[in-house]
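Q: Pasting a predicted model and its sequence here:
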Amino acid sequence: MITSADVLVVGAGLAGLTAARAVSQAGRSVIVLEARDRVGGRVVGHPIGDGKIIEMGGQWAGPTQDRILALASELGVQTFPTYDDGAKVLHFRGKRGTYHGAIPRISPLTLVDVARAQARLESLARRVPVDAPWTAPRAEAQDGQTAQTWIRRNTASHAARTLLTLGIEAVFACEPGDISLLHMLFYVRSAGSFQRTIDTTGGAQQDRFVGGSQLIAERLADRLSGRTAGATAAGATAAGATPADGTVVLGSPVRRIRFSDAAVTAETGAGETGAGETGSGQYTGRRIIVSAPPMLAGRISYDPPLPHWRDQLTQRTPMGSVIKCQALYDEPFWRAEGLSGQATGDGEGARIVFDNSPADGSPGVLLGFLEGDEARRLGRRTAAERRQAVLDSFVRYFGPRAAAPAGYAELDWQQEQWSGGCYGTLFGPNVWTRYGHALREPVGPIYWAGTETATTWSGYMDGAVQSGERAAAEVLASLD
């Protein structure tokens with residue numbers, strides 16, 4: 001038996017669930033098909049006991065991220081500030097130092113070099129239209145070079161280049177050579193400024209969500225359908241039961257989409273792995289919103305095939321490389337030592353570190369990111385070797401007490417089948433100018449969502465919410 005709704009949505013992350021909610025609120029029926037056995041996509045919590053969690057995916061929000069903050073407030077999910085009191089640590093060129101504020105204690109010449117390059121970057125970004133970066137005044141030249149090339153040409157010192165590289169790794173989870181200059185400028189414009197992407201207080205890392213960001217997705221799903229289909233319910237649906245309006249069907253990866261101008265059919269079922277999948281099913285609708293990242297959207301089979309420009313886009317949009325590593329301690333000992341728990345370094349292991357303790361400060365949690373080449377390198381090592389590299393970097397920043405945590409957890413997003421990496425999609429040279437027009441352009445009854453398609457805070461949770469709202473509005477307008 002084929003199940004049906006006015007609108008089908010592929011993916012139960014923040015983008016897909018936001019789109020589904022808007023469709024449902026407009027009085028249209030909707031079915032959300034999710035490959036994983038949970039909702040949330042790139043946001044996920046990890047329980048650590050006593051009803052507490054640590055976030056293993058997206059977790060922060062800050063000023064101007066109004067959509068995700070408003071959604072969380074509506075759903076009763078409160079925020080609390082990221083711990084930002086005390087000194088920060090910089091371990092640079094073999095030396096450890098501490099500092100307050102945004103400016104580390106390093107060579108004034110290096111600081112001037114970085115400041116000049118950042119000012120040029122901000123100036124160039126202001127000329128990039130967020131809804132059509134490929135139309136920027138110097139789009140061809142900017143898209144034809146990598147961010148790495150631009151940094152080399154606009155800095156005078158190796159130290160400045162290293163610091164800017166650390167910033168790009170932190171924001172994009174890649175190396176400067178992986179993205180075009182135009183993509184970097186679009187990201188900066190989308191967020192408002194480069195400084196805003198890297199700051200804590202006043203920036204993108206300012207606040208966290210009580211109970212974790214996945215709670216937003218879970219409450220969206222609960223309100224959407226009155227229930228979230230688990231393995232049993234999803235299996236029953238695939239076998240032929242008709243879901244209620246707003247049902248979220250888990251364990252159901254969409255493998256094929258067949259479409260005409262008037263209708264669309266999504267076919268779900270086990271692939272080569274089949275792990276956690278509940279069986280085959282067919283779902284029909286008048287429209288479908290695909291909220292998966294472009295790369296994963298491109299792995300779905302389409303009948304008829306998508307236009308070549310859309311297919312070519314998905315062939316050129318890899319995901320970032322990041323492993324999120326967290327060490328748990330009986331207490332946040334660094335706080336008593338006057339440290340914020342935030343650290344940056346140019347050595348092996350975690351190069352960006354935050355205090356990720358729960359709102360009440362217990363237990364103490366240090367969060368370290370392995371990003372770009374370091375994630376690729378350590379991702380090939382054993383879990384024990386990777387853990388040791390991360391703890392060794394924590395010791396460099398915070399001393400010997402960091403060497404023996406009471407617990408440890410990591411999530412390698414490079415190995416996540418239904419994400420393909422994190423934080424977001426990377427646009428290399430000549431992608432925006434050749435294929436950017438296909439990013440949001442519907443194909444028949446197929447519409448595209450996902451944080452990569454957002455014009456503000458692209459790549460962030462706020463961008464995911466914006467994209468869901470925009471895709472739903474497009475679909476509803478076409479139905480009306």
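A: In hand now; what should we look at? In this text the structure is predicted, and so the values were computed from the model without any measurement. Numbering: from 1, shown residues only.

Q: Just the CA coordinates for stretch 24-39, please, in CSV.
A: Extracted in CSV, the C-alpha atoms of stretch 24-39 (Å, rounded to 0.1, in the frame of the first residue of the first chain):
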residue,chain,number,x,y,z
SER,A,24,1.3,21.4,8.6
GLN,A,25,0.4,24.8,10.1
ALA,A,26,-0.8,25.8,6.7
GLY,A,27,-3.3,23.0,6.8
ARG,A,28,-1.5,20.7,4.4
SER,A,29,-0.6,17.0,5.2
VAL,A,30,3.1,16.1,5.4
ILE,A,31,5.2,13.1,6.0
VAL,A,32,8.9,13.3,7.0
LEU,A,33,11.2,10.5,6.0
GLU,A,34,14.3,10.2,8.0
ALA,A,35,17.2,7.7,7.4
ARG,A,36,18.4,7.6,11.0
ASP,A,37,16.7,6.1,14.0
ARG,A,38,16.5,9.5,15.6
VAL,A,39,15.6,13.1,14.7
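
Q: list the buried ones in that stretch?
A: Going by neighbour count (16 or more other Cβ atoms under 10 Å), the buried part of stretch 24-39 is 24, 26, 28-36, 38-39. Yep, even glycine has a C-beta here, placed from its N, CA and C like the rest.

Q: cool, and stretch 147-159?
A: The neighbour-count check on stretch 147-159 (16+ other Cβ under 10 Å) flags 147-148, 150-151, 154-155, 159 as buried.

Q: ditto for stretch 78-98
A: 79, 82-84, 86-92, 98.

Q: before we move on, what about stretch 393-410?
A: 393-394, 396-398, 401-402, 405, 409-410.

Q: now the helices for the stretch 1-150 of the chain?
A: Listed in chain order, the helices of the stretch 1-150 of the chain (DSSP state H, counting those that start in this stretch) span residues 14-25, 66-74, 108-125, 139-143, 147-153.

Q: tilt between the second one and helix 14-25?
A: Put plainly, it is helix 66-74. On the basis of axes from the mean of the first three to the mean of the last three Cα atoms, to 10 degrees, helix 66-74 is oriented at 70 degrees to helix 14-25.

Q: counting contacts, what elements does helix 66-74 pack onto?
A: Contacts defined by 3 or more Cβ pairs under 8 Å, 6 or more residues apart in numbering; DSSP states H and E place helix 66-74 against helix 214-225, helix 461-479.

Q: That helix: which residues count as buried?
A: Across helix 66-74, burial judged by 16+ other Cβ under 10 Å covers 67-69, 71-72.

Q: Any chance of TSV for the buried residues of stretch 147-159, columns distance to Leu109 and pLDDT?
A: Output for those, formatted as TSV (distance: Cβ to Cβ, whole Å; pLDDT from 0 to 100):
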residue	distance to Leu109	pLDDT
Ala147	22	98
Gln148	22	98
Trp150	20	98
Ile151	17	98
Asn154	15	97
Thr155	11	97
Ala159	9	96
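
Q: weakest of the helices and strands packed on helix 66-74 by average pLDDT?
A: Comparing mean pLDDT over these, the weakest stretch is helix 214-225, at a mean of 94.

Q: name the helices or strands packed onto it?
A: By 3+ Cβ pairs under 8 Å, 6+ apart, helix 214-225 packs against helix 14-25, strand 30-33, helix 66-74, strand 247-249.

Q: Of the buried residues of helix 66-74, which is the nearest to Ser478?
A: Ranked by distance to Ser478 (Cβ to Cβ), those are led by Arg67 at 22.5 Å.

Q: That closest one is in contact with Val465, isn't it?
A: Yes - proximity of Arg67 to Val465 meets the contact threshold set by Cβ atoms under 8 Å, at 4.1 Å.

Q: any idea of the pLDDT on the closest residue to Gly320 other than its chain neighbours?
A: With sequence-adjacent residues excluded and distances taken as Cβ to Cβ, 6 or more residues apart in numbering, Gly320 is closest to Ala173, at 3.2 Å. On the pLDDT scale, Ala173 is placed at 98.

Q: Can you name the residues that contact Ala173?
A: By Cβ atoms under 8 Å, 6 or more residues apart in numbering, the contact set of Ala173 is 320-322, 369, 371-372, 375, 421-423.

Q: and of these, the nearest to Val254?
A: Nearest member of those to Val254, counting by Cβ to Cβ, is Gly421, at 19.5 Å.

Q: Quickly note the distance from the closest one to Gly379.
A: Going from Gly421 to Gly379 by Cβ to Cβ, to the nearest Å gives 10 Å.

Q: what do you get for Asn154?
A: Using Cβ to Cβ, we find Asn154 at a distance of 31 Å from Gly379.

Q: Which one of the helices and strands packed on helix 214-225 lies nearest to Ser107?
A: Comparing these by Cβ to Cβ, helix 66-74 comes nearest, at 38.3 Å.

Q: one step back: the contacts of Ala173 into CSV, with extra columns for secondary structure, neighbour count and distance to Met461?
A: CSV is the format used below for the contacts of Ala173 (DSSP: H, G, I helix; E, B strand; the rest coil; neighbours: other Cβ atoms under 10 Å; distance: Cβ to Cβ, whole Å):
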residue, secondary structure, neighbour count, distance to Met461
Gly320, coil, 24, 15
Ser321, coil, 27, 20
Val322, strand, 26, 15
Phe369, strand, 21, 17
Glu371, strand, 27, 18
Gly372, coil, 24, 21
Ala375, helix, 25, 21
Gly421, coil, 23, 17
Cys422, coil, 24, 12
Tyr423, coil, 24, 10
